[in-house]
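Asks: how would this look folded up:
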Amino acid sequence: MSPSEPDRGSRVGAFADANLRVLLVAGTVDRRIISRHKRLQAFGPDDSVLLREFVAEFRIVLVTPDTLTEASNLMRQHREPEQSRL
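Replies: Below is the predicted model of the structure:
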């Protein structure tokens, strides 16, 4: 790591919207789900890895109840057998 790069987890805070939450969850459970979930069509499997690495740069990740509710609703839109894994 170069002196100009911040230490992992040294940034103060980040906020992720519902679609990015779904991307994080789907990428953690099974990256193949990303290409099959209708709300994640704009993303590829590698995007979940990049997002996870980016989020790891922050000490705090902000989550609101509304964002969690929307992410939960979006995950329920996916069909089984993967829906229960999300």
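Asks: which secondary element of this protein has the worst mean pLDDT?
Replies: strand 11-15 (a mean of 71; mean pLDDT, DSSP states H and E).
Asks: for the residue most central in space within the chain, pull up the helix or strand it's in.
Replies: The chain has Leu24 as the residue nearest its centroid, 2.2 Å off, counting by Cα atoms, centre = their mean. Here Leu24 sits within helix 18-29, counting by DSSP states H and E.
Asks: can you point out the buried residues in that helix?
Replies: Ala18, Asn19, Leu20, Arg21, Val22, Leu23, Leu24, Val25, Ala26, Gly27 (16 or more other Cβ atoms under 10 Å). Where C-beta positions appear, they are placed from N, C-alpha and C, glycine not excepted.
Asks: with pLDDT and distance to Met75 added, can I get these in TSV?
Replies: As requested, the buried residues of helix 18-29 are exported to TSV (pLDDT from 0 to 100; distance: Cβ to Cβ, whole Å):
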residue	pLDDT	distance to Met75
Ala18	88	9
Asn19	89	11
Leu20	90	13
Arg21	89	9
Val22	88	6
Leu23	93	11
Leu24	89	11
Val25	87	7
Ala26	88	8
Gly27	90	12
